[in-house]
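> show me how the following folds:
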Amino acid sequence: MMTGIIFDVKRFAVNDGPGVRTVVFLKGCPLRCIWCHNPEGFEKYPNKANKVLKLNGKSHIKEETIGYEISADKLFIELEKERIFMETSGGGVTFSGGEPMMQQDFLKEMLKKCKTNDMHTTVDTSLFAPWETIKSVAEFTDLFLIDLKLMDSAAHKYYTGIPNELIIKNINKLSAMSASIIIRIPLIPEVTTSDDNIKQTVSFLQTLNGKIKEINLLPFHNTANGKYKRLGIDNPLSTIKICKKEEIKYIEKQFISGGFTVKTGG
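Numbering: from 1, shown residues only. Prediction:
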């Protein structure tokens, strides 16, 4: 029986692909982006964390387990419960993380189940994975949401823990397959929003000969602060200021001028 390890199932999501979607978050990620909003997805296996509960003005610490093993059959039963919302909105299922490619067998099994049962499938990924893994998953994926963070490989390694050469190669290969792709760019002040990075990103995406369906700009926010505290992980961006509206508009214009359809906010 095929099983995987997930840490959340989010229903009625509207920023993770077309229509109303159910998002499955798989555990495990090879990246350590300093702005990550899902640090509970770092570890591949279930891990412990302390949850602070407040009762009558007093704080109490309760240990909790993040992540659980689930069979493909049982997870699909949960997805079926949302079918009416998917069908009426043109939505479907999105597999996110973490990095879902780290559980390639389970991911592929779930994608096959969804496709066999006429559910639209989306994979939200960094594409930091062996090409054979991506190729095998692509057969059952209607849409890829690909995170493209930094074009300079040294900077990419500094801020995410890994260089970007494999990611760039995989984007090239996947676009050559005519896969449906939306590029998602996190707007991290003083990191990804520099003129050089935006210009290099626009130039690179233009080389893909119109294969990119859409660009999503994702302005940074600090809503994950509580997660970092709960997990006992230092959040290096806990006090960083969010992007100004004028800065976001300027970046939008850069991509629009480059010939891309742009959506801000997911």
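> which residues in the protein form strands?
For the chain, the strands defined by DSSP state E cover 3-13, 21-26, 47-55, 58-66, 68-71, 92-96, 120-125, 143-147, 181-187, 212-219, 262-264.
> for the fifth one, list every residue counted as buried.
Along strand 68-71, these residues count as buried under the neighbour rule (16 or more other C-beta atoms under 10 Å): I70. Quick note: C-beta positions are derived from backbone N, CA and C, even for glycine.
> just the helices in the protein please.
72-80, 83-89, 104-116, 131-138, 153-160, 165-176, 195-206, 225-231, 245-257 (DSSP state H).
> which strands or helices does the last one pack on?
Spelled out, that is helix 245-257. strand 181-187, helix 195-206, strand 212-219, strand 262-264 (3 or more C-beta pairs under 8 Å, 6 or more residues apart in numbering; DSSP states H and E).
> buried deepest among the ones you listed, which one?
strand 181-187 (a mean of 21; mean count of other C-beta atoms under 10 Å).
> most packed of the helices of the chain?
helix 104-116 (a mean of 19).
> distance of H60 from I233?
With distances taken as C-beta to C-beta, to the nearest Å, H60 is found 21 Å from I233.
> looking at those two, which is more packed in?
Neighbour totals were compared for H60 and I233, and I233 leads with 15 against 10 (other C-beta atoms under 10 Å).
> doesn't P39 make contact with that one?
Yes. I233 lies in contact with P39 (C-beta atoms under 8 Å); the separation is 5.5 Å.
> now the helices and strands packed on helix 245-257 in JSON lines, with distance to I167?
Shown next, in JSON lines, are the helices and strands packed on helix 245-257 (distance: least, C-beta to C-beta, whole Å):
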{"stretch": "strand 181-187", "distance to I167": "11"}
{"stretch": "helix 195-206", "distance to I167": "11"}
{"stretch": "strand 212-219", "distance to I167": "15"}
{"stretch": "strand 262-264", "distance to I167": "21"}
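> make JSON lines out of those and add distance to P18 and mean pLDDT.
Compiled in JSON lines, the helices and strands packed on helix 245-257 are given as follows (distance: least, C-beta to C-beta, whole Å; pLDDT from 0 to 100):
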{"stretch": "strand 181-187", "distance to P18": "10", "mean pLDDT": "97"}
{"stretch": "helix 195-206", "distance to P18": "20", "mean pLDDT": "97"}
{"stretch": "strand 212-219", "distance to P18": "10", "mean pLDDT": "94"}
{"stretch": "strand 262-264", "distance to P18": "11", "mean pLDDT": "96"}
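> all set, thanks.
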